[in-house]
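Chemist: Sequence first, predicted coordinates after that:
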Amino acid sequence: MSASIDDIAKQMLVLLPEDGTPVLNRVMRVMLARALSADIDEDRYIAARQALVDRGEVGVQPGPGGRLSRKPRGTTRQARRQEASDGWTEARLMPCLRKYLNGPIQNELGILRGAKCLTYDTSSVGRTGVQWARPDFTLISVKQFKFLPGIEFDVHSFELKAESGGASDLAVYEALAQTRFTNFGYLVWHLPGGSRFEKKLSGIEKQCSQHGIGFIRAHEPQQFETWDILVEPARKTTPSAEIDLFLEERLQDQQRRQIRSLLNGAPA
């Protein structure tokens with residue numbers, strides 16, 4: 001089944017983040033194929049993209065693979081100003097997420113109950129130039145059982161989005177991409193009640209469920225009783241060597257020593 005150039009262009013606008021975040025062309029083609037249940041050949045993709053460029057709705061950025069982005073409209077600029085005035089940028093949300101990971105989630109999420117956990121900010125550590133390779137937080141969980149031998153060692157990656165930043169399939173793909181290095185991936189979205197982006201909630205929840213990504217909605221960042229785990233994650237079959245390399249590159253020496261101590265039975 002094929003989709004028309006007009007259908008591709010319309011869906012492209014739906015998938016592009018309203019805040020102007022650029023998307024790689026190859027990623028957009030994958031997202032379009034899924035959304036339209038059709039193969040998207042390069043010629044029709046380029047024609048649809050050019051139609052949007054000609055109408056002034058989309059911009060194209062050069063570079064490896066190329067990127068495209070939605071050109072901000074008045075409503076988008078207003079949303080940005082509103083977000084800034086409310087103060088809930090991703091930077092301000094980070095301490096709230098850390099507190100949530102260090103406490104409430106360990107009691108609420110089944111795969112973490114009874115585990116010893118360590119939480120690290122990995123938002124600015126690691127390789128540069130690699131698409132979606134820096135989770136905002138990485139959580140290490142270690143479980144020991146009464147009768148079964150050995151331990152259960154898991155690495156969890158968390159991608160945090162502010163109100164406007166989570167309103168796109170792109171946020172799900174970002175959280176999914178991070179499971180190249182971890183056992184479990186999560187998308188955490190600050191979405192207050194009454195937000196104009198609330199209409200996107202069911203679609204994002206469905207995408208997370210389909211891809212086995214955990215989905216956490218934070219209504220009020222400082223009130224953890226308002227945080228909801230809408231989707232529990234599925235375990236990814238990530239090679240142990242990839243996880244080991246990820247921890248080696250993303251964590252500091254002291255943090256790696258903490259993990260070794262935890263594996264040797266020391267308290268977290």
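Modeler: Arrived safely.
Chemist: Now do the strands in the chain.
Modeler: All strands of the chain, identified by DSSP state E, fall at 23-24, 58-61, 67-70, 116-121, 137-144, 151-161, 184-190, 214-218, 227-231.
Chemist: weakest of the ones you listed by average pLDDT?
Modeler: If you rank the strands of the chain by mean pLDDT, strand 23-24 sits at the bottom with a mean of 84.
Chemist: how near is Arg235 to Gly212?
Modeler: Counting by C-beta to C-beta, to the nearest Å, the gap between Arg235 and Gly212 amounts to 8 Å. Every residue, glycine included, has its C-beta placed from N, CA and C.
Chemist: more crowded one of the two?
Modeler: Neighbours were counted for Arg235 and for Gly212 using other C-beta atoms under 10 Å; Gly212 has more, 16 against 11.
Chemist: Now do the contacts for that one.
Modeler: Neighbouring residues of Gly212 by C-beta atoms under 8 Å, 6 or more residues apart in numbering: Gly185, Pro233, Ala234, Arg235, Lys236.
Chemist: what about 10 Å?
Modeler: Gly212 makes contact with Leu176, Thr179, Phe184, Gly185, Val231, Glu232, Pro233, Ala234, Arg235, Lys236, according to C-beta atoms under 10 Å, 6 or more residues apart in numbering.
Chemist: quick one: it and Asn183, what's the gap?
Modeler: 11 Å.
Chemist: Overlap in contacts, the two.
Modeler: Pro233, Ala234, Arg235, Lys236.
Chemist: Determine which two of these are furthest apart.
Modeler: Using C-beta to C-beta, the pair of the shared contacts of Gly212 and Asn183 lying farthest apart is Pro233 and Lys236, separated by 8.3 Å.
Chemist: any residues in contact with both of the two?
Modeler: By C-beta under 10 Å, 6+ apart, the residues touching both Pro233 and Lys236 are Ser157, Thr179, Thr182, Asn183, Phe184, Gly185, His211, Gly212, Ile213.
Chemist: mind putting those residues in TSV, distance to Leu15 included?
Modeler: Shown next, in TSV, are those (distance: C-beta to C-beta, whole Å):
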residue	distance to Leu15
Ser157	23
Thr179	21
Thr182	25
Asn183	28
Phe184	25
Gly185	20
His211	15
Gly212	20
Ile213	17
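Chemist: Buried subset of the contacts of Gly212 as a ChimeraX selection?
Modeler: To isolate the buried members of those in ChimeraX, using 16 or more other C-beta atoms under 10 Å:
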select :176,179,184,185,231,232,233,236
